[in-house]
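> Quick one, what's the 3D model for this:
(one chain, ligands or ions: 1)
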Amino acid sequence: MEKPTVTDQPPPYSATVPPGSPPQPAPNTAYPPPPPGYTPYGPPPPPPATAFVPNYGATNIIITPPIVTVGACPACRVGILEDDFTCLGILCAILFFPLGILCCLALKNRRCSNCGAMFG
Ligand SMILES: [Zn+2]
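Okay, here's the model as predicted:
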């Protein structure tokens, strides 16, 4: 809903300026002298370089050492060594139970589940 407002006179720019007198620039009192003992601008603050951790590298290169986990295959480093009892060990375990179990454990091999490499 429009409400036309007819204004004959624009609003005065400043009430302090009397009409008819040319606008005079204000006296140079924009920056009054500071009171004694007051420094408007203190010493410049130290640059925030102390809080900035310099990055010497463009990218964070994380060098991961070759981690050989326990039980990993030293040959392919992919598979996991699994206990593989030999037939002789199992046979000893059966024939010489219970001492044969110790023989079986002693004769077991560690076989890689990936490449099938046998490790004693
Ligand atoms: Zn392997």
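
> Quick one: residues in contact with stretch 91-108.
83-86, 88-90 (Cβ atoms under 8 Å, 6 or more residues apart in numbering). To be clear about C-beta, it is placed using only N, CA and C from the backbone, and glycine gets the same treatment.

> run the last query once more with 6 Å
Stretch 91-108 is contacted by residues 83, 85-86, 88-90 when judged by Cβ atoms under 6 Å, 6 or more residues apart in numbering.

> Equivalent analysis for stretch 74-87, please.
By Cβ under 6 Å, 6+ apart, stretch 74-87 touches 71, 73, 104, 107-115, 117.

> Go ahead and build a ChimeraX selection from the buried members of the contacts of stretch 91-108.
A single ChimeraX command selects the buried members of the contacts of stretch 91-108 (16 or more other Cβ atoms under 10 Å):
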select :85,89,90
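
> and stretch 94-114 with the ion, contact?
Yes: interface with the ion: stretch 94-114 contributes 112, 114 (Cβ under 5 Å from the ion).

> Span of that stretch from start to end?
29 Å (Cα to Cα, to the nearest Å).
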